[in-house]
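Novice: Sequence and predicted structure, then a few things I'm wondering about:
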Amino acid sequence: MALASDSPSLAPEVTAFLTRRARWSPLEIAFWLVALASIWLFPTKHLILTEICIWAMFALSLDLILGYAGIISLGHAAFYGFGAFAAGLAAKYGYIQEPVIALIVAGLLAAALGFATSFLVLRGSDLTRLMVTFGVALVLSEIANKFSDITGGADGLQGVEIKPVLGRFQFGLDGRTGYVYALIVLFLMVVLARRVVRSPFGLSLQAIKGNALRASAVGIAVNWRLVAIYTMAAGYAGLAGAVLAQTQAFASLEMFSIERSADVLLILIIGGTGYLYGGLIGALIYRFAQDYLSDLSARYWQYWIGFVLIMMVLFGRVYGGILAALLIGATIWFKLETGTSLVLTAATLLVLGVVREPIAKWIGLRQQQAMAAIRRMRVRMKPGAHAGADHAGA
Amino acid sequence: MLTILFDGVAYGMLLFVLACGLSVTLGLMNFVNLAHGAFAMAGGYITVVVVNRWGVPFLLGLPIAFLAGAVLGAVLERTLYVNLYAKSHLDQVLFTIGLVFMAVAGVDYIMGSSQQFVNIPSWLEGQINLGGVGIGRYRLMIIVLCGLLTIALQLILAKTRFGSRLRAAVDDQRVARGLGINVGAVFGLTFAFGSGLAALGGALGAQILGLDPIFPLKYLIYFLIVVTVGGTSSITGPFVASILLGIGDVAGKYYVPTLSAFVIYSIMIVMLLWRPQGLFSRATSR
Amino acid sequence: MPVLETRGLDKHFGGIIAANQVSLSIEKGARHALIGPNGAGKTTVVNLLTGVLRPTAGQILLDGKDITALPPHERVRLGIARTFQINQLFADLTPIETLGLAISERLGLGRDWWRIVGSKSAVTDEIVELIERFRLGDVMRERTGILPYGKQRLLEIALAIACKPRVLLLDEPAAGVPEDERHEILSSVEALPKDVTVLLIEHDMDIIFSFADRISVLVNGSLFVEGEPDEVARDPRVRAVYLGEAFDG
């Protein structure tokens, strides 16, 4: 069937469409410039910024499997803790003196662990995968507990001494070296991840996440691709743990816990999955919110996390987050006592749960009407164009 | 050895009562309710308050716990859970994790973080001698009570109209709806009942399992094991799975104390990989 | 030698026999149609051929080579592609990306994790060729999930063609497509290269008779009748079982 039109080739458009997404957007460049400047702009905040970097790395690693491959894991902290202990033990027993080398080795070891356990997540339903990932983290935690004379058990790894980075930059109490170190590692991780997700391999992952059946029907060896990304994600989580161990000279069993896995899941959800920067943004929001709110009710921080999570699920990431922030803000504004605020927010949650569906329907209806109105306006403004486009395609 | 078997069976039956609500929820609505343990915890703490502080007799405290759990389940199901049935598994996981976090922190606030015990009546303390073997009275009570409950549940499922509606809805929701079965109502009632059972289990289990605010997270893996190994298409599956898990755990802690948890989790992983649909369920694909 | 052959293919689901001793023999370049009443097992046969289902018994041969044990993605590599009765597309990907994916995989670039998608002109040229052929130019940058059904159906077929298959299994390509958009689907099927072997499942008799050079009739999982279109149309048994319904209805 010969082409009816004599329109120019679409080739340049197609190429432009594909390659445009690979370029660094102005927003991205601005982000990294600000991050770089923060070294000098916020000299007193280096410790908290380092923490944010580490959470960001950890959340980025989860994004690779959750946002790009669709694997729900409740045990991603297994690799995080593993990397932390690998780096911590390497430093404590003097196996590897130089932090950068220890970092790379910890990452590779975590990736190897990821590779070994990746076959466990290929089979079964979402629930099975959830449990298997959970189980792996528990097993690792038990192993670390059993060898408590090496790992420090419940007290954590003590007496870790980190030598200067590259032989020159000592990790100091002010956290500046630690921050620069963490920031550079984070940046490199993001650069590599960007390449991977924009590659044909990355595209195949998105396809697998969207429709694994169809993916295999176009010739994609689904399981091997999942193994590959799971391995990479495990390595990344290990790097995050290693940086934590090195900047804080400490590692503990708590790093394997389900609370840790749930926290990183929450951070990624706050920031948004599937575009790589969700982990970074989520880490920023989470950590600063935590810092701000911890003065108010530190012990019940978990309550508010749960609250935000539920709101986000009920109302979507953006609206839910805003609504939750408003409600929490209200309890602060009115200087409510802890007990009162807990009860009131719980009650509000129940009420919101009841009204959610009718409100969502109403909003959906309004949106549809607005879209229809816009479409009608467009047709009115360009009389021939709409019908013409149909014919060109027919 | 017999004591271990006995203790294991008691532990297993307790796990069954705790987890069977979760099994039915999963089978009925394909809903992953990771917050199930929170209802158990609620039952435990309510019993603590009612029995310890208000002086209600223990045996009366049990049905009170059940009712409280059922009411709590019904309220949460109609207000919050109902929004989640159509959502993805990820959303369900996030929601229930959020719920657990709120429950854990909330209970921490109200009751404090230390472990609590129920004042059990004196006739349930200690042991009785059966044929030369020392049997814990409390555990014996648990076996008897949970055994009766299990039989009652099986009878309800098999002999009552509600039971057959429930089984139909678990088997194929769409067809059940097409037959005029009000699946929403079935689910609401079942969820409430399952939460009530969990609360009862929590009340019974406070002495054996330890009751503190992190209970839901601590025992989550056990509930999940019961449900995935036992499958969701019957009661007998989770029952057998619970007994096996109970005996395995107690025996493990006795014979290989430092490795027991490790062994349990490893067996779970192997089991899940070998038969992802559970040891006892029919091979329906979900 | 037939390019695609099945020998005694059985598929049992517990007590249900979905496919019963199905033996097909399809020559290269054939335009073979598989018809039968609803629930006869036509899609099951396609699922068996593509490896989505494992047969209970029997063999599948491609160019004489036994592929019965091969997983789906390897059969695609050997040259079998299919479309699905209900669109199975990637809702969040655009047509450009969807086609680019299949083409990259076919060219062996699928495992490349360093190069950017779109950097190879061989891939983009083929994407353009398919987009123009299937007239998807005006929607090529939209997310597949929001495209109208007819366009999605075209993409479904284009995706299978992007795999440059030797054997193409089309599962009711015109199903669900509005009357006025059908001819696009059909003309794209007619325009397939002559050396590509096509197995077509369809209900629409007009399409079958204009397209197929050979028809197999499947009833309750068993092959009932096979032959040229006129023979099959005239066969009273077929009329009774299948065509009879169409004439009554």
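Specialist: Everything's here; your move.
Novice: And for A:Leu166, the neighbour number?
Specialist: Number of residues near A:Leu166 (other CB atoms under 10 Å in any protein chain shown) recorded here: 11. From N, CA and C alone the C-beta is placed, and that goes for glycine too.
Novice: Could I get the contacting residues of the closest residue to chain C within the stretch 151-300 of chain A?
Specialist: In the stretch 151-300 of chain A, the residue that lies nearest chain C is A:Gly219 (3.7 Å; CB to the nearest CB). Going by CB atoms under 8 Å, 6 or more residues apart in numbering or on different chains, A:Gly219 touches C:73, C:76-77, C:102, C:105-106, C:110, C:163.
Novice: neighbours around A:Leu326, how many?
Specialist: Residues near A:Leu326, counting by other CB under 10 Å: 11.
Novice: which element is it on?
Specialist: If you go by DSSP states H and E, A:Leu326 is part of helix A:317-333.
Novice: In contact with the nearest residue to A:Pro43 once chain neighbours are set aside: list those residues for me.
Specialist: Leaving aside its sequence neighbours, A:Pro43 sits nearest to A:Arg176 (CB to CB, 6 or more residues apart in numbering or on different chains; 7.4 Å). Listed by CB under 8 Å, 6+ apart, the contact set of A:Arg176 reads A:39, A:43, A:46.
Novice: Please indicate which of the residues you listed are buried?
Specialist: A:His46 (16 or more other CB atoms under 10 Å in any protein chain shown).
Novice: Just the closest of the contacts of A:Arg176 to C:Phe90, please.
Specialist: Comparing those against C:Phe90 with CB to CB places A:Ile39 closest, at 41.3 Å.
Novice: Hmm, B:Tyr11 is touching B:Asp249, no?
Specialist: Yes - between B:Tyr11 and B:Asp249 there is a contact at 6.5 Å, judged by CB atoms under 8 Å.
Novice: which of the two has more neighbours?
Specialist: Each of B:Tyr11 and B:Asp249 has its neighbours counted (other CB under 10 Å); B:Tyr11 has more, 25 against 21.
Novice: doesn't the more buried one fall inside a helix?
Specialist: Yes - counting by DSSP: H, G, I helix; E, B strand; the rest coil, one finds B:Tyr11 located in a helix.
Novice: Need the per-residue pLDDT for it.
Specialist: For B:Tyr11, the model assigns a pLDDT of 92.
Novice: cool, B:Ser281 as well?
Specialist: 55.
Novice: Stretch A:111-130: which residues count as buried?
Specialist: So stretch A:111-130, judged by 16+ other CB under 10 Å, has buried residues A:111, A:113-115, A:117-118, A:120-122, A:124-130.
Novice: from the chain's centre, how far out does stretch A:105-115 sit?
Specialist: 19 Å (CA atoms, centre = their mean, to the nearest Å).
Novice: and the residue of the stretch 151-300 of chain A closest to chain C, which of the three is it?
Specialist: Relying on three-state DSSP, one would call A:Gly219 coil.
Novice: Excluding sequence neighbours, find me the nearest residue to it.
Specialist: C:Val76 (3.7 Å).
Novice: doesn't C:Gly29 fall inside a helix?
Specialist: No - when classified by three-state DSSP, C:Gly29 is found to be coil rather than part of a helix.
Novice: That one and A:Arg23, how far apart?
Specialist: Using CB to CB, to the nearest Å, one gets 45 Å for the distance from C:Gly29 to A:Arg23.
Novice: For the stretch 251-394 of chain A, list the residues in contact with chain B, please.
Specialist: A:258-259, A:262, A:265-266, A:269, A:299-303, A:305-310, A:312-314, A:338-339, A:342, A:346, A:349-351, A:353-354, A:356-357 (CB under 8 Å from any CB of the partner chain).
Novice: Can you give the domain ranges for chain A?
Specialist: A:31-276, A:297-394 (automatic domain parsing).
Novice: one step back: narrow the contacts of A:Gly219 to those that are buried.
Specialist: C:73, C:76, C:102, C:105-106, C:110, C:163.
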